[in-house]
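Engineer: Starting from these lines, generate the structure:
(one chain, ligands or ions: 1)
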Amino acid sequence: MTILSARHISKTYPGSRFPALSQFSLDIQAGEIVGLLGESGCGKTTALRILAGFETADHGTLTIQNKIAFNNKQFTDPTQRDIGIIFQDYALFPHLTVWKNITFGLNKKSGKNQRKLASEMMDLVGLAGYDNRYPHQLSGGQQQRVALARAMAPRPKILLMDEPFSNIDTVKKNQIRQELHSLLKKTGSTVIFVTHDTRDVMAMADQVIVMKEGQVLQQGTPQAVFKSPRNAYLAGFFGNTNFIEGRMVNGQIRTDLGPLAMDAPVGLTEDQPVLFSLRPGDISLTNEKDGQSIPVQIERQRFMGEFTEVECRLVASGTRLLFHVPPNQPVPNKTTYIQISEKDLHLLPESPTHGHPRLKD
Ligand SMILES: Nc1ncnc2c1ncn2[C@@H]1O[C@H](COP(=O)(O)OP(=O)(O)OP(=O)(O)O)[C@@H](O)[C@H]1O
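Structural biologist: Residues are numbered from 1 along each chain as shown. I've put the predicted structure just below:
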């Protein structure tokens, strides 16, 4: 069931030459955790603020739970949107105890109800017994859980989170992502969070919406966007990749890796260029020369902990490629062979035919 739907939302800030959001559309299903992902300045926070009602849009329609929250005639106040918000810095009240922070938004409920809602949330986020602490007496992760309990105490249908992990140190991030994910799944709420870090969406999101320059580039599961990015920007943003150029010759796609056995995509015409993305983890190193192996000259290798990152050059064409080998596999500093399976070559359907990022020569 669609719980939130945005259609063609545009916003240009006064005095700005470029729109912060342009024809921004998305659909969110109830119970999903959705990551709004993009680099700095792409409009993520603006989108979140417009969904919350803290910012007005110039055009477009926003529907929440089948009610218009915004269009060219109507505007629903943020307090009436049934949305909870966790700000980037958590915005806890420093002079109030954990308990008072959590009950702050419940002042319209009876005392008994307040106590019930707040203590249920305190138990859920694992803060029982911390009632009388002040925010400065808590770790970053605990402060985040207070912010979560405060936002969730009124039981909003939708929770918005702005950069939920930016204040958590790198060592703890993985653990906190997992904890937060299982907490959010327990509450069953619909969550939209903003981040610039693909690792956050991989760990947390059921759906990711990748933005660039105020527009949605692609929406899907993190696995789908990683595996099947629509263009070169998305392929490069969602992890390291190699770009392989191809061209249709006599009905067959030719690339620097050799001619491909795959069927050419429908509509591809003779001599038309195409671009593939090939993840470094999908290339394997082999010492054996056979019909499948491709000769390469190893140029550089770097130990990365979980794998060794290797840069090589195809002997036939001089094209550079990046690939990963397991840390215990030795990499010879000379000419050797790699193997690639055609199924791992992902054709980028929207790619420009030139100007894509590639390894620097
Ligand atoms: N109040 C404002 N007045 C004018 N321009 C603004 C305002 N807020 C944001 N912008 C501009 O709108 C664009 C989108 O900003 P926004 O904060 O939404 O991006 P973001 O993706 O959240 O970035 P970050 O990850 O750095 O927080 C940027 O070009 C920014 O400079």
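
Engineer: Can you pull the residues of the chain lying near the ligand?
Structural biologist: Residues of the chain lying close to the ligand by Cβ under 6 Å from any ligand atom are Tyr13, Ser16, Ala20, Gly38, Ser40, Gly41, Cys42, Gly43, Lys44, Thr45, Thr46, His196. The way it works is simple: take the backbone N, C-alpha and C, and place the C-beta from them, glycine included.

Engineer: Show me which of these are buried.
Structural biologist: Among the residues of the chain next to the ligand, the ones that count as buried by 16 or more other Cβ atoms under 10 Å are Ala20, Gly38, Cys42, Gly43, Lys44, Thr45, Thr46, His196.

Engineer: Secondary structure added to the residues you listed, as CSV?
Structural biologist: CSV is the format used below for those (DSSP: H, G, I helix; E, B strand; the rest coil):
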residue, secondary structure
Ala20, coil
Gly38, coil
Cys42, coil
Gly43, coil
Lys44, helix
Thr45, helix
Thr46, helix
His196, coil
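
Engineer: what's the longest helix in the chain?
Structural biologist: In the chain, taking DSSP state H as the definition, the longest helix is helix 170-187.

Engineer: moving C-terminal of it, what's the next helix or strand?
Structural biologist: For helix 170-187, the succeeding helix or strand toward the C-terminus, using DSSP states H and E, is strand 190-195.

Engineer: So which elements touch that following strand?
Structural biologist: On a contact count with 3 or more Cβ pairs under 8 Å, 6 or more residues apart in numbering; DSSP states H and E, strand 190-195 meets strand 2-11, strand 21-29, strand 33-37, helix 44-52, strand 158-162, helix 198-204.

Engineer: ranking those by burial, who's on top?
Structural biologist: Mean neighbour count (mean count of other Cβ atoms under 10 Å) peaks for strand 33-37 among these, with a mean of 26.

Engineer: For it, which strands pair with it and how are they oriented?
Structural biologist: Sheet pairing for strand 33-37, assigned by DSSP bridges, gives strand 190-195 (parallel), strand 207-212 (parallel).

Engineer: quick one: average pLDDT of it?
Structural biologist: Averaging pLDDT along strand 33-37 yields 96.

Engineer: Now do it and strand 158-162, the angle between them.
Structural biologist: Strand 33-37 runs at 30 degrees relative to strand 158-162, counting by axes from the mean of the first three to the mean of the last three Cα atoms, to 10 degrees.

Engineer: Give me the angle between strand 33-37 and strand 21-29.
Structural biologist: Angle of strand 33-37 versus strand 21-29, following the same axes, to 10 degrees, is 160 degrees.

Engineer: what does strand 33-37 rub up against?
Structural biologist: Strand 33-37 is contacted from outside by 28, 44, 47-48, 181, 184-185, 190-198, 200-201, 204-211, 222, using Cβ atoms under 8 Å, 6 or more residues apart in numbering.

Engineer: again with stretch 253-260
Structural biologist: Applying Cβ under 8 Å, 6+ apart, the contact partners of stretch 253-260 are 244-248, 252, 262, 264, 268, 274, 276, 294, 314, 316-317, 319, 340, 342, 345.
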